[in-house]
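Enquirer: sequence and predicted structure below; questions after.
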Amino acid sequence: MDVSSSFGRVFRITTFGESHGGGVGVVIDGCPPRLALTTEQIQGDLDRRRPGQSRLTTPRQEDDRAEILSGVFEGQTIGSPIAILVRNHDARPGAYQNLKDLYRPSHADFTTEAKYGVRNWQGGGRASARETIGRVAAGAVARKLLAESLGVEVVAWVQRIQEIEAKVDSRHVTRAEVDASIARCPDAAAAERMIERIDDVRRRGDSVGGVLACVARGVPAGLGEPVFGKLEAELAAALMSLPASKGFEIGSGFAGTELTGSQHNDPFVLGEDGRPHTTSNRSGGVQGGISNGEPIELRVAFKPTATISVPQQTIDRAGVPVTLEAQGRHDPCVLPRAVPIVEAMVCLVLVDHWLRQRAVDVI
């Protein structure tokens, strides 16, 4: 079996490319025809994740311009596979020459080699976060399909950097409010403290992690499956597949374990729209593996960036101890650029389940 690079059942994507190769991208299969789609609509999401956009990100300079190679004709999808390519322009594979025989701490160098017997040592190859360009491009298509067909809105933001916690109203937060700060945190006071913290570790050659929160509003009831295809399970799988992700929560998450059942349950009432609604949302919009029509609220934990210039002990292929001082271009904190990536994965899961549900609703 080769490297698994595909995701989804009906709306299925396959990403390709390496960090310091010719380019990266995605092939989308299963997108319905007649969806109005332009390169500019994809580019907006790619611009939010591209490197070099602020002092908090890697200085690698890439425009990340999307090229639609197939599947779109006269501004509409035509039902055939959509291929999207982003060429690499500021790749520097030679910069990793001195690392080819080392196992960088907390990277995928050793594990990839242990599994396949070979690895691309130029920037991590497929394990590089640059692979997520394909996910974001596909997520932009999924976002448009969800918005136009269902009115779904997906918004993510930086909720916490180390112990610095934001106060955010998930019912009303907007992407514009998130993007107002280079920290991608809509709480202005917390954002300033986050920026100061990231600047501090950047100057010291170190890194920090934190938590992203995400809400999907307007998701209809009935998406997901009751056993192995539970909506929260597939959201967890999608988000835990992201580079540097280390934890997932939905609804009350781990904090819910401190409550009793009577405190935790979400009572139903009849809403003004004539549909059942809950008076609280500790379930995070999913019950029994199926969406209940309330906002889907989740959180993802990201570890500190593994590439740092602080001296670290490691070994080489021969087992010889080595002191590594990585000199490269890296994000001191991945979270600001991870916001559009998390949104993309949530959109991809939701659109796939929506299309799967249409096969259930035929009678």
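Expert: Here it is on my side, so go on. What you are looking at is a predicted structure, and each value in this text was computed from that prediction instead of being measured. Numbering: from 1, shown residues only.
Enquirer: when you work out contacts or count neighbours from here on, use the C-alpha atoms and nothing else.
Expert: Will do.
Enquirer: could you pull out the strands for the stretch 101-250 of the chain?
Expert: 153-161, 164-165, 210-217, 245-250 (DSSP state E, counting those that start in this stretch).
Enquirer: I'd like those laid out as TSV, including mean pLDDT, mean neighbour count and distance to Val118.
Expert: As requested, the strands of the stretch 101-250 of the chain are arranged in TSV below (pLDDT from 0 to 100; neighbours: other CA atoms under 10 Å; distance: least, CA to CA, whole Å):
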stretch	mean pLDDT	mean neighbour count	distance to Val118
strand 153-161	98	25	35
strand 164-165	98	16	40
strand 210-217	98	23	32
strand 245-250	98	19	24
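Enquirer: for Val351, which three-state class applies?
Expert: For Val351, the assignment made with DSSP: H, G, I helix; E, B strand; the rest coil gives helix.
Enquirer: that one and Ile250, how far apart?
Expert: Applying CA to CA, to the nearest Å, the value for Val351 to Ile250 is 18 Å.
Enquirer: nearest to Val334 among the strands of the stretch 101-250 of the chain would be which one?
Expert: Distance to Val334, taken as CA to CA, is lowest for strand 210-217 among the strands of the stretch 101-250 of the chain, at 8.8 Å.
Enquirer: what is that closest one packed up against?
Expert: Where contact means 3 or more CA pairs under 8 Å, 6 or more residues apart in numbering; DSSP states H and E, strand 210-217 is packed against strand 153-161, strand 296-302, helix 335-360.
Enquirer: single out the most deeply packed of those.
Expert: strand 153-161 (a mean of 25; mean count of other CA atoms under 10 Å).
Enquirer: and that one, what does it pack onto?
Expert: Applying 3+ CA pairs under 8 Å, 6+ apart, one finds that strand 153-161 contacts helix 132-150, helix 175-179, strand 210-217, helix 335-360.
Enquirer: any chance of JSON lines for those, columns distance to Arg104?
Expert: Below are the helices and strands packed on strand 153-161 laid out as JSON lines (distance: least, CA to CA, whole Å):
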{"stretch": "helix 132-150", "distance to Arg104": "21"}
{"stretch": "helix 175-179", "distance to Arg104": "33"}
{"stretch": "strand 210-217", "distance to Arg104": "22"}
{"stretch": "helix 335-360", "distance to Arg104": "21"}
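Enquirer: still on that earlier bit, need the helices and strands packed on strand 210-217 in TSV (columns: distance to His107).
Expert: Output for these, formatted as TSV (distance: least, CA to CA, whole Å):
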stretch	distance to His107
strand 153-161	21
strand 296-302	14
helix 335-360	17
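Enquirer: ok, which of those comes nearest Lys100?
Expert: Nearest to Lys100, of all those, is strand 296-302, at 25.9 Å by CA to CA.
Enquirer: name every strand pairing with the closest one and say which way it goes.
Expert: Applying DSSP bridges to the sheet, strand 296-302 is found paired with strand 210-217 (antiparallel), strand 245-250 (antiparallel).
Enquirer: mind listing residues that contact the helix or strand that the last one is followed by?
Expert: I take that to be strand 245-250. With elements assigned by DSSP states H and E, the helix or strand that comes after strand 245-250 is helix 261-264. Where contact means CA atoms under 8 Å, 6 or more residues apart in numbering, the residues beyond helix 261-264 that reach it are Gly256, Arg282.
Enquirer: lovely, talk soon.
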